[in-house]
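Engineer: have a look at this fold, sequence not included:
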């Protein structure tokens, strides 16, 4: 940002907020007064609608909730029935077991059988419908309380109402599973023409080779469930003075807060407007989502007929009409109170708006001026701190790289120095024994000179890197890449990394070669650390350079399994790192990004890429640097 731009920005910071806040304060005050006056009458009108709508919402939600609860209880009828009869049979089985264990040493089997039969024969449950029966696994009827004359007969050919051999099925189940549920169809004692579904539970009694069981008609048990629900709803209240009413298909009240209403048929009841209320409730309830009904009805404990709004919904399985409601008179009292509050509140708001607006306008002007000045000071301080911080981060990043490169150089120098030392020592030995010929002498001198030149080149590359020159120059990308590779050669060898170069010749750039080397080093170190961390066996880094239209592209690809999707968007943030504090500071990629984007007006993009190398498939991180020519 230029100084001219900064001055414009600071001027805007001073004047624009002051102007905007002042205009907004004035306009806001005028609008607030206008809105307050124009909406007051609308609010008064809406209060009535809102209260009624809220009351309707409450009663509708309550009925839908109860409807769903009843539906769930109906679904669980068979489950509850099974639990009920199983509990009873297990109790009878326990009683029989206790009797058998008590008398098995003192009485004959026949005497024990009679004691067990006498203990179970008169037990009744489920409103007197339930009883226990006993059969042997030889199909002999041992106990049948409702038909004692059949005891001792064979039930081998006994069939249920659908023609299934019921006793055979039970015996087969006992032999396989010892206990279990069965469903069969049978007529009721008071209705011999219709077959009703019945669920039974039987349990094998091993001491006497019997099975003890019981059964219950699903319809009868369901009636018990219905009765339990209606009793519960008669006492249910979801808020003060609320109640639930339930009508059967004939218009008879089967659940109500007022016990005197239960059992009464209101089908022909007409309100003071001549409306057949129950018929209207029935027709509305049969809609898929139910509905609201308005009618007149005597309020509880009064003889006054008052307008009432109810929400009703039909429970199709049992043909029940379930409903609840509220008297509009109760709502009107709340509405009137709310209107008085609105009127009083409106006058207070107008007075308050005028007073507050004046003080707000004054405060805004003062704050705007103070804020503008404070922002200007902070902006100048921030600029200075950012500049210092960027310089410090750059130096830290470079020092960190220099530290590692010193280790690299030491590693790189070991082999050349060893060769030089070995060559010199060898010539001295050969000279001492008089066996040094001219060819060996020349060959060894050339080798010493070659490795000395290599050491000198390494020193030059390191010296150029640490000089810190920041002058733009035209440089050859290939030479810069060569210097970078020379600086990290020791690390490449010590970490057994294969560097693959795909470099286009004669690419020239105008910029800062030293800092570009720093970027390459940062990217190399990240790739090296990732390869070590992921314990990659065949470590590969592929470096490619080429031109594309008016851009110079530099790609650095590794096979370290890539960057996690959850963090790839944060890798350029300052001090963001996945490494331990002792291993990384998180400034390398941040400085690389700043130099590429701000220093050389380019772009850098990171992505994960799959690729093949030497007939193997790899996945790694690809950093693509795009620079202008």
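Structural biologist: Arrived safely. Because the structure is a prediction, the values reported are computed rather than measured. Numbering: from 1, shown residues only.
Engineer: let me see the confidence value for residue 379.
Structural biologist: pLDDT recorded at residue 379 is 67.
Engineer: and the spatially most central residue of the chain, its phi and psi?
Structural biologist: Centroid-nearest residue in the chain: residue 566, 16.3 Å away (criterion: CA atoms, centre = their mean). The phi/psi pair for residue 566 (degrees, to the nearest 10) reads phi -70, psi -20.
Engineer: what's the pLDDT at it?
Structural biologist: On the pLDDT scale, residue 566 gets 88.
Engineer: by mean pLDDT, which helix or strand of this structure comes out lowest?
Structural biologist: helix 438-467 (a mean of 63; mean pLDDT, DSSP states H and E).
Engineer: find the nearest non-adjacent residue to residue 131, please.
Structural biologist: residue 145 (4.6 Å; CB to CB, 6 or more residues apart in numbering). Where you see a C-beta, it was placed from the backbone N, CA and C, and this is true even at glycine.
Engineer: how close does that neighbour get to residue 212?
Structural biologist: 12 Å (CB to CB, to the nearest Å).
Engineer: neighbour count: the two, which is higher?
Structural biologist: residue 212 (27 against 16; other CB atoms under 10 Å).
Engineer: follow-up on the earlier one: which neighbours do residue 145 and residue 212 share?
Structural biologist: Applying CB atoms under 8 Å, 6 or more residues apart in numbering, one finds that residue 145 and residue 212 are jointly contacted by 132, 133.
Engineer: per-residue confidence averaged over the longest strand along the chain?
Structural biologist: Criterion DSSP state E: the longest strand present in the chain is strand 191-205. The predicted model assigns strand 191-205 a mean pLDDT of 92.
Engineer: can you give me the helices in the stretch 1-150 of the chain?
Structural biologist: 3-75, 77-103, 109-120 (DSSP state H, counting those that start in this stretch).
Engineer: next, format these as a markdown table and append mean neighbour count, mean pLDDT and distance to residue 482.
Structural biologist: Conversion of the helices of the stretch 1-150 of the chain to a markdown table gives the following (neighbours: other CB atoms under 10 Å; pLDDT from 0 to 100; distance: least, CB to CB, whole Å):
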| stretch | mean neighbour count | mean pLDDT | distance to residue 482 |
| --- | --- | --- | --- |
| helix 3-75 | 14 | 75 | 40 |
| helix 77-103 | 16 | 95 | 81 |
| helix 109-120 | 16 | 95 | 102 |
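Engineer: ok, which of those helices comes nearest residue 263?
Structural biologist: helix 3-75 (20.2 Å; CB to CB).
Engineer: in the longest strand of the chain, which residues are buried?
Structural biologist: For strand 191-205, burial by neighbour count (16 or more other CB atoms under 10 Å) applies to 198, 199, 200, 201, 202, 203, 204, 205.
Engineer: was I right about residue 563 contacting residue 569?
Structural biologist: No - contact between residue 563 and residue 569 fails when scored by CB atoms under 8 Å: they sit 9.7 Å apart.
Engineer: out of those two, which sits in the more crowded spot?
Structural biologist: With neighbours defined as other CB under 10 Å, residue 563 and residue 569 compare such that residue 563 has more, 21 against 10.
Engineer: how near is that one to residue 526?
Structural biologist: Counting by CB to CB - residue 563 and residue 526 are separated by 9 Å.
Engineer: who touches both of the two?
Structural biologist: With CB under 8 Å, 6+ apart as the test, residue 563 and residue 526 reach no residue in common.
Engineer: what residue ranges in the stretch 501-629 of the chain score low on pLDDT?
Structural biologist: For the stretch 501-629 of the chain, the stretches with pLDDT under 70 are 575-587.
Engineer: ranges for the strands of it?
Structural biologist: 508-511, 539-548, 551-558, 603-613, 616-628 (DSSP state E, counting those that start in this stretch).
Engineer: helices or strands up against the shortest one?
Structural biologist: Under the contact definition 3 or more CB pairs under 8 Å, 6 or more residues apart in numbering; DSSP states H and E, strand 508-511 sits against strand 473-476, helix 477-487.
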